[in-house]
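Participant: Sequence first, then the predicted structure, then my questions.
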Amino acid sequence: MKNKYNIITTCDKSYFLFVKILINSILDKCNLSLIDTIFIVDTGLDDDQLDYLQKRSPLISFVKTGLKTNFDGGTWGNDWQLNVRSKTRTLYHVINQTKTPTLMLDSDMMVLGDLSKLVDAGGDIQVCVRERGVRYIGSYFFGLNPLKSLPFIKEWSDITNSQQGKTAIESPSLVYVVDKNKASGDLSIIERSEDEVNAYTPEALTEN
């Protein structure tokens with residue numbers, strides 16, 4: 001029998017319409033008996049939004065951050081930076097506290113199939129690899145081995161949060177830590193293709 005896993009995503013007021021799609025698609029497509037908790041990292045949701053999400057499922061739990069972002073400044077703006085910097089910190093906290101395999105997804109995604117199938121590929125961690133731009137993208141990350149994934153996430157978070165300037169910080173930091181751990185061979189890293197776990201064009205939507 002498969003072990004249970006967590007799902008974690010980060011959302012503020014401006015991304016609520018996205019996270020509604022994500023959460024409703026998880027509840028529709030996934031085997032919920034295999035999900036322990038769906039963590040929503042709250043970086044600025046209002047009371048009505050929190051109430052809607054809480055009522056969707058008893059699996060949902062909120063991680064409070066004290067942040068109140070609303071996408072001011074657009075992509076790479078200050079609010080975007082605060083959200084991105086919080087993602088790896090809260091991922092580390094959740095895995096450290098729960099000791100449960102945890103799948104991190106961006107909130108602007110929609111689930112098309114049962115996510116428990118991702119567990120079958122194994123590995124200590126799973127990352128999304130793509131052929132264009134930055135090689136690994138932080139919108140998908142699966143810490144399958146809680147103990148072994150924590151040092152990886154801690155370094156990823158430290159590097160992400162040390163970056164300055166209005167530019168991409170999360171994914172380039174992920175590339176660095178993946179390459180470092182590949183070289184050491186201490187961590188089993190499974191690469192999932194972008195079309196499989198982060199499809200973004202109609203032609204990429206296949207039966208798989």
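Facilitator: Now that the structure is in, tell me what you want to look at.
Participant: Select the longest helix from the chain.
Facilitator: Criterion DSSP state H: the longest helix present in the chain is helix 78-98.
Participant: Remind me what that helix packs against, helices and strands.
Facilitator: Here helix 78-98 touches strand 5-11, strand 35-42, strand 60-64, strand 102-105, strand 136-143, helix 146-162, helix 170-184, going by 3 or more Cβ pairs under 8 Å, 6 or more residues apart in numbering; DSSP states H and E. The C-beta positions use only the backbone N, C-alpha and C, and glycine is treated the same way.
Participant: who touches the second one?
Facilitator: By Cβ atoms under 8 Å, 6 or more residues apart in numbering, the residues outside strand 35-42 that reach it are 4-12, 19, 23, 26, 50, 53, 57, 59-65, 67, 86-87, 90, 94, 98, 100, 102, 116.
Participant: The residues you listed, buried ones only, as a ChimeraX selection?
Facilitator: Entered in ChimeraX, the line below selects the buried ones among the contacts of strand 35-42, by 16 or more other Cβ atoms under 10 Å:
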select :5,6,7,8,9,10,11,12,19,23,26,53,59,60,63,65,67,86,87,90,94,98,102,116
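Participant: quick one, which of the helices and strands packed on helix 78-98 is nearest to Ile190?
Facilitator: Checking the helices and strands packed on helix 78-98 against Ile190 by Cβ to Cβ gives strand 136-143 as the closest, at 8.1 Å.
Participant: ok, and what's touching that closest one?
Facilitator: So strand 136-143 is in contact with 84, 87-88, 91, 95, 101-106, 109, 118, 123-130, 149-150, 152-153, 170-171, 173-175, 178, 192, 194, 197-198, going by Cβ under 8 Å, 6+ apart.
Participant: Please consider this matter closed, and thank you.
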